[in-house]
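Q: give me a model of this one.
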Amino acid sequence: MARSKSTDRKEEIIEAGLEVFAQHGYYNTTTALIAEKAGISQPYIFRFFSTKEELFIAALDRAFERILRAFKSVESDPDQLVVNMVQAYEELSVLHPNEIALQVIGFAVTEEAIRNCTKEGLSRLRSYVLDRFKTAGIENAESEVTTFIARGILCNISYFLELPELFHPQPAQH
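A: I've put the predicted structure just below:
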């Protein structure tokens, strides 16, 4: 079934929002910047999203959904599950780097609706990964999923700050 032109426009606005929010942050992004990126007029955005906050939430939710889809696509033996899920995330990060930035930005925004979206997104990821770890028979699954998520967040911060040594320590120089 073909998608409607309206659905396509909404998707284009979300994708433009992902890119512009990732580049400028939440507070410095205007709907005018997003409209320019999407090649539409600023008022047209408000046909789909009543506020900038609503558009940010749609973009952030999109980011969490892509991550979840990447994890769900992993087919693996139990002993390689963690490695393959990390690889899936790394591949996603290359294809959709704005999702990483948007997560980090989402951590710092204090508006309640955005905080709730961030919490719900992380909770969905945690719940899915925990179920996969338990199904795979990974020992101490609760602890392992905490480590997995924590390393993912540290990876995101490292990428966002362009500080690779935060995640991949550099060898000591003598």
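
Q: need the strands for the chain, in chain order.
A: For the chain, applying DSSP state E gives no strands.

Q: which stretches of it have low pLDDT?
A: The chain contains residues with pLDDT under 70 at 1-3, 169-174.

Q: and stretch 137-157, how far out from the chain middle?
A: Distance, stretch centre to chain centre, for stretch 137-157: 16 Å (C-alpha atoms, centre = their mean, to the nearest Å).

Q: for it, buried residues please.
A: By 16 or more other C-beta atoms under 10 Å, the buried positions in stretch 137-157 come out as 138, 141, 144, 145, 148, 152, 155, 156, 157. Where C-beta positions appear, they are placed from N, C-alpha and C, glycine not excepted.

Q: what are the contacting residues of stretch 20-39?
A: With C-beta atoms under 8 Å, 6 or more residues apart in numbering as the test, stretch 20-39 has contacts from 9, 12-13, 15-17, 19, 41-42, 44-46, 52, 55-56, 59, 97-102, 105, 108-109, 114.

Q: run the chain-centre distance for it.
A: The answer for stretch 20-39 is 17 Å, by C-alpha atoms, centre = their mean.

Q: mind listing the helices for the chain?
A: In the chain, the helices defined using DSSP state H lie at 5-24, 31-38, 42-45, 52-72, 81-95, 97-108, 112-135, 141-160.

Q: would you turn the ones you listed into CSV with distance to residue 168?
A: Listed next are those as CSV, based on distance: least, C-beta to C-beta, whole Å:
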stretch, distance to residue 168
helix 5-24, 22
helix 31-38, 32
helix 42-45, 39
helix 52-72, 21
helix 81-95, 12
helix 97-108, 15
helix 112-135, 22
helix 141-160, 8
